[in-house]
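> how would this look folded up:
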Amino acid sequence: MAKSAGQKLKPLVLRQTLLERSDEDHPLTVAQLIAALEPWGIQAERKSIYGDMEALRTFGMDIQSRKGKSPGWFVGERSFQLPELKLLVDAVQSCKFITKRKSDELIRKLEGLTSVWQARQLQRQVYVDRRVKTMNESVYYSIDKLHNALAARRAVTFRYFEYNVRKEKVFRRDGRRYTVFPHGLIWDSENYYLVGWDGTKKEVRHYRVDKMAELAVTCLKLEPGEDQDLAAFDMAAYAAKHFGMFRGREGRVRLRCQNRMVGVVLDRFGQEVMLVPDGEDHFTVTVDAVVSPQFFGWLFGLGDAVELTAPAWAVEAFQDQLRQVAGQYRPPEDGAAG
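Now for the predicted structure:
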């Protein structure tokens, strides 16, 4: 390699070496930096290394030097600190919709954002109870397509399916394609959902991304006035009132709760809800909710600590649900067995 060409590469090689092989616990000495240049055919003197370190600092790198027992140079502040990378690795490993192969690929890329020494600490396993990684990478790419559609404000089309008892895909609407103008994506109950304006049903609906097939971004844009609520649409409010993203009848429900349920109510409906004292031991709260079997399941799980008091149609529906479930577990009549 020509001397001039090597000298041009010298700062780049030093930068890469420091990023890959140095951190606060593993500083690189001048001798080690000179040795890292040799495979590139670059000769360097000790004095020139000091000048290169100053140049890298001027460029914006946080190059730190240490004297004393373990002298050397290392990268201080990075784009991502080690605790942040650990958090990202944990999120990737625990995310159900990312396949194991894609998880390993993403983690290797995250390891490249720190030194080889700290990267070893990222090789961790987060245990999530009975978590099964999907075998289908299409969700990963579907989410990317949906983000592109959102950025371009374009409609998407897809076929939507569910599984039968033989684990076969059964397409809804007789296999016809859905046309949806995306509002946004929601992560709920370990799944991604697309929320958008359904051009056929003429209303806002949501769809599980992993149940979409043949997803495509179109050139269609929403016609002016077709969705009057788009500008005022509140994605957070939409997610809060859909329990498990199940559909049902929407209404304003009133709950009477024991005081110890304050945290549960705030976690579910947000800090903005109004809690009205009801005696010394209870409070009431009125919220918008989609009354569905999943909503009833949430209520039942809280036992006598939360009571649904209004509206009447929701109370009656809950009572009917309880009677139906109780009927399935009614003990056999005497003499029925044998």
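
> Against Tyr192, how distant is Asn148?
In this view, Asn148 and Tyr192 are 15 Å apart by C-beta to C-beta, to the nearest Å. For the C-beta atoms, the positions are set from N, CA and C on the backbone; glycine is no exception.

> Of the two, which one has the most company?
Taking other C-beta atoms under 10 Å, Asn148 and Tyr192 do not tie; Tyr192 has more neighbours (18 against 13).

> tell me the phi and psi of the residue lying closest to the more buried one once chain neighbours are set aside?
Of all residues not flanking Tyr192 in the chain, Val209 sits nearest, at 4.2 Å (C-beta to C-beta, 6 or more residues apart in numbering). Note on Val209: its backbone torsions stand at phi -70, psi -40 [degrees, to the nearest 10].

> Point out where the stretch 51-200 of the chain drops to low pLDDT.
Scanning the stretch 51-200 of the chain for pLDDT under 70 picks out 124-136.

> 50 - rerun?
The stretch 51-200 of the chain contains no residues with pLDDT under 50.

> hmm, back to that, my read: the residue nearest to Tyr192 touches Asn191, true?
Yes - with contacts counted by C-beta atoms under 8 Å, Val209 reaches Asn191, the gap being 7.3 Å.

> who's in contact with Tyr238?
By C-beta atoms under 8 Å, 6 or more residues apart in numbering, the residues touching Tyr238 are Ile186, Val195, Val204, His206.

> correct me, but Leu33 touches Gln16?
No - counting by C-beta under 8 Å, Leu33 sits too far from Gln16 to count as a contact (11.4 Å).

> of those two, who's got more company?
Per other C-beta under 10 Å, whichever of Leu33 and Gln16 has more neighbours is Leu33, with 22 against 12.

> Buried residues in the helix or strand harbouring the more buried one, which are they?
Leu33 is part of helix 30-37 when elements are defined by DSSP states H and E. By neighbour count on 16 or more other C-beta atoms under 10 Å, the buried set for helix 30-37 is Val30, Leu33, Ile34, Ala36, Leu37.

> I'd say the fourth one and Leu12 touch.
Read it as Ala36. No - counting by C-beta under 8 Å, Leu12 is not a contact partner of Ala36; they are 11.7 Å apart.

> all helices of the stretch 151-300 of the chain, in order?
With DSSP state H, counting those that start in this stretch as the criterion, the stretch 151-300 of the chain has helices at 235-241, 262-269, 293-301.

> how about those in a markdown table, adding mean pLDDT and distance to Pro331?
Below are the helices of the stretch 151-300 of the chain laid out as a markdown table (pLDDT from 0 to 100; distance: least, C-beta to C-beta, whole Å):
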| stretch | mean pLDDT | distance to Pro331 |
| --- | --- | --- |
| helix 235-241 | 81 | 38 |
| helix 262-269 | 89 | 32 |
| helix 293-301 | 92 | 20 |
